[in-house]
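Chemist: One predicted model, sequence on top.
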Amino acid sequence: MVSSSFNCAPVMPVLHSKDLVNWTIIGHVSENLPSAEYRQPQHGKGCWAPSIRFHAGEFYVYYGDPDLGIYMSKAKNPSGPWEPLLLVRQAKGWIDPCPLWDDDGNVYLVHAWAKSRVGFNSVLTIHRMSTDGKQILDDGVMVFDGHKNHPTIEGPKIYRRNAYYYIFAPAGGVANGWQTVLRAKHVLGPYEDKIVLDQGTTAINGPHQGGWIETQTGESWFVHFQGHGAYGRIVHLQPMTWNGDWPTIGVDPDGDGKGEPVLSWKKPQVGKIYSITCPQTSDEFDSTALGLQWQWHANHSHQWYSLKEKKGALRLRSIVIPDSNVNLWSVPNLLLQKFPAPEFMATTQVMLSPANVGEKAGLIMMGLDYSYISIVKKTDGVHLTKVVCKDADKGTGETEEADVLFMRDSVMLRVAIDTEAVCRFSYSEDGSVFKPLGKEFVAREGKWIGAKVGIFSSSPFESISNGYSDFDWFRINN
């Protein structure tokens, strides 16, 4: 499974599962986005919805950057190495691409359109491609117009089954949309349309954009996401059945052929029971590389950090925040990861080694609003501060909400999150007693992504030598 990553890097996480339930992150397609403009966060831009396909012994991924065009890469092993990202077609507004290698040797690419870039959406276009999947050969054919019954249709995934071509595509928008399936006996249509999954009587809004998987035992399943505010776009797995060459996803209590999602179900029959695993979260920083759960807020530099200079610790250098930055929204060197659960606690131990007044190291909850607790060098010594920033994307400044004179250079920082994304920050000198600092903070999502939790080290100005911060570990607990 691959995921959009927008402005974050490494780009496009790749996850692996043997039963569609237990997943781990096994790599990323690219270390950075291919354009230099992503050296600074470009929120909501970059790597939009990708697709992954296996063909002729290789894995192929495609994604659309709505400002630059369609990119692809391929690898013999999904954990990498992946070939450098290739710009298949420079274009404006092309999004959500998916390839199809047809039985007759022809290759096609379907994609949607971003209204914010070209002034229209709700249509799907198919192009012919070269057999190696690296060139688009024509100007494309609009194969479906969803304006009347399926507005904002996007995220197409194309398949061939028996006598039909199928395009699975969500419509109606992330928050309140539904899953449409199109079918035709020719790849360019005409396509019939049918809603096969919507929210129904459930609490699973959307349900949005995903893909069909057929297991080795012949079962069909559908993976899709649900927009969930600060928790981002969380993944669901639905049973899927075929009836009269139309799929039904989820359960169909009234028998009309349109399903609704389930929250629990019998796991896929894949011939073996696999142990419970989850995408990685905690990191002891005792490896030669960062854990795969981490992403920077923009294209990153290896000069920002080291896992070698202090054994068993991550050294983050105090990177300068320019005077033009009123807050951290446009700062690239935030090291962050996704929310792992409805309720969790993140704790880290950090030692500040500043060279200048104003250098700080913090534990941050990042989104459109953000808040952090930090250890900072001030003129009279080391302090602990709690900072909040509302509407960071609109250029508002930070407010220092709490400040205590600490006079130590090492501290444990913690944030506890409950089911309503309410965050409570605290600190500890001994690891057993944690003292609250500042008010409760309600996390907000970012631009097309959920809120993220992570760490940073910064300096207010450039000097002959800036300091650094050593993080001994970062641990997530439920």
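Modeler: Happy to help now that I have it.
Chemist: which residues touch residue 373?
Modeler: Applying Cβ atoms under 8 Å, 6 or more residues apart in numbering, we find residue 373 in contact with 362-363, 384-387, 413, 415, 425-427, 437-438. Using the backbone N, CA and C atoms, a C-beta is placed for each residue, glycine as well.
Chemist: partner strands of the helix or strand that contains it, parallel or antiparallel?
Modeler: Using DSSP states H and E, residue 373 sits in strand 370-378. Counting by DSSP bridges, the strands paired with strand 370-378 are strand 360-366 (antiparallel), strand 381-389 (antiparallel).
Chemist: can you redo those strands as JSON lines with mean pLDDT?
Modeler: Shown next, in JSON lines, are the strands paired with strand 370-378 (pLDDT from 0 to 100):
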{"stretch": "strand 360-366", "mean pLDDT": "98"}
{"stretch": "strand 381-389", "mean pLDDT": "97"}
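Chemist: With respect to burial, which of those scores highest?
Modeler: Of all these, strand 360-366 has the most neighbours on average by mean count of other Cβ atoms under 10 Å, namely a mean of 26.
Chemist: Export that strand to PDB, keeping only CA atoms.
Modeler: This file holds the C-alpha atoms of strand 360-366, laid out as PDB (Å, rounded to 0.1, in the frame of the first residue of the first chain):
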ATOM      1  CA  LYS A 360      15.500  25.500  21.900                       C
ATOM      2  CA  ALA A 361      14.400  21.900  21.500                       C
ATOM      3  CA  GLY A 362      10.800  20.900  21.700                       C
ATOM      4  CA  LEU A 363       8.000  18.300  21.500                       C
ATOM      5  CA  ILE A 364       5.400  19.600  19.100                       C
ATOM      6  CA  MET A 365       1.800  18.900  18.100                       C
ATOM      7  CA  MET A 366       1.700  20.300  14.500                       C
END
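Chemist: Go ahead and name everything in contact with it.
Modeler: Contacts to strand 360-366, defined as Cβ under 8 Å, 6+ apart, come from residues 297, 316, 318, 328, 334, 336, 346, 348, 350, 352, 354, 370-377, 385, 387, 413-415, 417, 423, 425, 441, 443, 446, 451-458, 469, 471.
Chemist: now do 6 Å
Modeler: Contacts to strand 360-366, defined as Cβ atoms under 6 Å, 6 or more residues apart in numbering, come from residues 336, 348, 350, 352, 371-376, 413, 415, 423, 443, 452-458, 469.
Chemist: Tell me which of those fall in strands.
Modeler: Cross-referencing the contacts of strand 360-366 against strands under DSSP state E gives 336, 348, 350, 352, 371-376, 413, 415, 423, 452-458, 469.
Chemist: Restricted to buried residues, select those in ChimeraX.
Modeler: Buried subset of those, written as a ChimeraX selection, criterion 16 or more other Cβ atoms under 10 Å:
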select :336,348,350,352,371,372,373,374,375,376,413,415,423,452,453,454,455,456,457,458,469
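Chemist: related to what we said a few turns ago, determine which of the strands paired with strand 370-378 approaches residue 462 most closely.
Modeler: Taking Cβ to Cβ, strand 360-366 is the member of the strands paired with strand 370-378 nearest to residue 462, at 15.5 Å.
Chemist: Now do that closest one against strand 452-459, angle only.
Modeler: Between strand 360-366 and strand 452-459, the angle comes out at 150 degrees (axes from the mean of the first three to the mean of the last three Cα atoms, to 10 degrees).
Chemist: can you count the residues close to the spatially closest residue to residue 267 that is not a sequence neighbour?
Modeler: Nearest residue to residue 267 in three dimensions, chain neighbours excluded: residue 21, at 5.4 Å (Cβ to Cβ, 6 or more residues apart in numbering). Around residue 21 sit 15 other residues, with neighbours defined as other Cβ atoms under 10 Å.
Chemist: for residue 133, same thing?
Modeler: Around residue 133 there are 21 residues (other Cβ under 10 Å).
Chemist: In three-state terms, label it for me.
Modeler: Of the three states, residue 133 takes coil under DSSP: H, G, I helix; E, B strand; the rest coil.
Chemist: pLDDT score assigned to it?
Modeler: Residue 133 is assigned 98 on the pLDDT scale.
Chemist: follow-up on the earlier one: now, among the contacts of residue 373, which is nearest to residue 147?
Modeler: Taking Cβ to Cβ as the measure, residue 147 lies nearest residue 415 of the contacts of residue 373, at 44.5 Å.
Chemist: Show me the beta-bridge partners of the closest one.
Modeler: Going by DSSP bridges, residue 415 forms beta bridges with residue 346, residue 425.
Chemist: From here on, call the first residue 35.
Modeler: Will do, 35 is the new start, and the previous item becomes residue 449.
Chemist: Could you check how far it is from residue 390?
Modeler: 26 Å (Cβ to Cβ, to the nearest Å).
Chemist: same deal with residue 252?
Modeler: From residue 252 to residue 390 the distance is 64 Å (Cβ to Cβ).
Chemist: So for these two, which residue has more residues nearby?
Modeler: Neighbours of residue 252 and residue 390, each counted by other Cβ under 10 Å, are more numerous for residue 390; the result is 16 against 7.
Chemist: Thought residue 497 was touching that one, still the case?
Modeler: Yes - between residue 390 and residue 497 there is a contact under Cβ atoms under 6 Å: 5.3 Å.
Chemist: mind putting the strands paired with strand 404-412 in a markdown table, distance to residue 147 included?
Modeler: Output for the strands paired with strand 404-412, formatted as a markdown table (distance: least, Cβ to Cβ, whole Å):
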| stretch | distance to residue 147 |
| --- | --- |
| strand 394-400 | 30 |
| strand 415-423 | 34 |
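Chemist: Cheers, nothing more for now.
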